[in-house]
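A.B. asks: have a look at this prediction, sequence included:
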Amino acid sequence: MSRHKCSESISSSAPTESSHSSNPSTSLPLKKVSKKDARPKKKCRSSDDDEKRARKKEPEIDPDEEFLTAACCVAHCIDVFCKTKQLINRDAAENGDVLEDNDVKVCRDKSHKVQERYRRNYTRLLQLAPGLKPLLGDPLKASDLAIIIKKMDATISATRSDDASRLKSQISHYAAFNTKDEPIRPAIYDSSGSRTHMGFNHPILARFLCPVRELETFSDDADKALKNIQGGKIKVTAFTLPAFLWAGDPPGMDYDDDDMFEDMFEGYVLERTMHHIFTSPSSAYGGETCAMRTCNAALHDMTTIEAAHITYGCLQNAWSEIDGAFNYREFYNNIIDLIKDSPDPEWKEELLKAWNV
């Protein structure tokens, strides 16, 4: 569309001095032109200009948004340690689309249970991101697929890190059974930013992290128990479950080794953490959510709490995949398997029912 000037044409005849003197009755006074009138007129804003301005104001949408949203859901709802590259390459190699690399060989060497986990995760990944399917096995789209996979793996990793960072300022409140009347002492976080006084170095958190089967020893002599933990006499591994997973104040106080499933995954710290992550921090204590942004439960179309959600909440005291002798990936898979393949189906049903009330 062409642009038009909005201007008026003003014509005036400026008489000469001689004509003015010879015919004063017909001469007109000269109009004084102000500086304002002398300035060039502004151009009218065209509809093209408006469209350009509107486009500039619109937020840029990442063309890979579908895949990044799916990756966030994978972390929260499927497998926080999932590697999309391994899943996709493993399936492609199985179909003969690509050569088997070291990552795929490692996947193939795993147990039958792990193989089933890979297949299940791969199926769910394609359900969440159907746009991946046309890219698979197409040599012309291999570079696009590689970029998307890299972004998805980064998003999965960042999701857990972001959740842990947001929990950091709240966990000291969540760890206190009665936050108002009995706050945690000494404080979990101080202004130093150091983490050296946390974990087993903090007297309250040490009891929460203590293997639940060693709670009696810890209660009898906490200092001796901590020495045994630090010295390796008491093993803290992915298969020695921590006390904070059980109900009670303090957590695990009523633990019975003959009935270990009683009150398991009903700890108040776990419950508050789950609310914080999936609904909002304002709902952590069971109140109505006052979130300013869409919660993760809505973003992922969550209608029920499943084993992977509970396990993700259990994992939130983790800052790295391996911490000393403790392997968080094994811990994560152990809990998922414990719930899904529970030897007590009635307990499993009651647990999921309780979380979905």
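C.D. replies: Great, that's in hand. Numbers count the residues shown, from 1 in each chain.
A.B. asks: helices or strands next to the helix or strand that contains residue 312 in the packing?
C.D. replies: Following DSSP states H and E, one finds residue 312 within helix 307-314. Applying 3 or more CB pairs under 8 Å, 6 or more residues apart in numbering; DSSP states H and E, we find helix 307-314 packed against helix 65-77, helix 268-278, helix 328-340, helix 345-355. Every C-beta, even on glycine, is put in place using the N, C-alpha and C of the backbone.
A.B. asks: okay, the ones you listed in CSV with mean pLDDT, distance to residue 124 and mean neighbour count next?
C.D. replies: Formatted as CSV, the helices and strands packed on helix 307-314 follow (pLDDT from 0 to 100; distance: least, CB to CB, whole Å; neighbours: other CB atoms under 10 Å):
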stretch, mean pLDDT, distance to residue 124, mean neighbour count
helix 65-77, 94, 8, 20
helix 268-278, 92, 18, 21
helix 328-340, 93, 13, 18
helix 345-355, 94, 18, 14
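A.B. asks: flag the shaky bits of the stretch 101-250 of the chain, pLDDT-wise.
C.D. replies: Residue ranges of the stretch 101-250 of the chain with pLDDT under 70: 101-110, 179-181, 186-198.
A.B. asks: just so I have it, where are all the helices in it?
C.D. replies: In the stretch 101-250 of the chain, the helices defined using DSSP state H, counting those that start in this stretch lie at 102-108, 112-128, 142-168, 171-174, 203-209, 215-220, 222-231.
A.B. asks: so which of those helices is nearest residue 259?
C.D. replies: Across those, the minimum distance to residue 259, taken as CB to CB, is reached by helix 215-220, at 14.7 Å.
A.B. asks: export the closest one as PDB, just CAs?
C.D. replies: C-alpha atoms of helix 215-220 as PDB (Å, rounded to 0.1, in the frame of the first residue of the first chain):
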ATOM      1  CA  LEU A 215      16.200 -45.100  63.000                       C
ATOM      2  CA  GLU A 216      16.300 -46.900  66.300                       C
ATOM      3  CA  THR A 217      20.100 -46.800  66.300                       C
ATOM      4  CA  PHE A 218      19.900 -43.100  65.400                       C
ATOM      5  CA  SER A 219      17.400 -42.300  68.200                       C
ATOM      6  CA  ASP A 220      19.600 -44.100  70.800                       C
END
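A.B. asks: list the contacts of that helix.
C.D. replies: Here helix 215-220 makes contact (CB atoms under 8 Å, 6 or more residues apart in numbering) with 206-207, 210, 224-226, 228, 234, 243, 252-253, 255.
A.B. asks: TSV for these, including distance to residue 351 and neighbour count?
C.D. replies: Below are the contacts of helix 215-220 laid out as TSV (distance: CB to CB, whole Å; neighbours: other CB atoms under 10 Å):
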residue	distance to residue 351	neighbour count
206	27	18
207	24	22
210	23	26
224	34	13
225	29	23
226	31	18
228	31	16
234	27	19
243	18	24
252	16	25
253	19	14
255	16	20
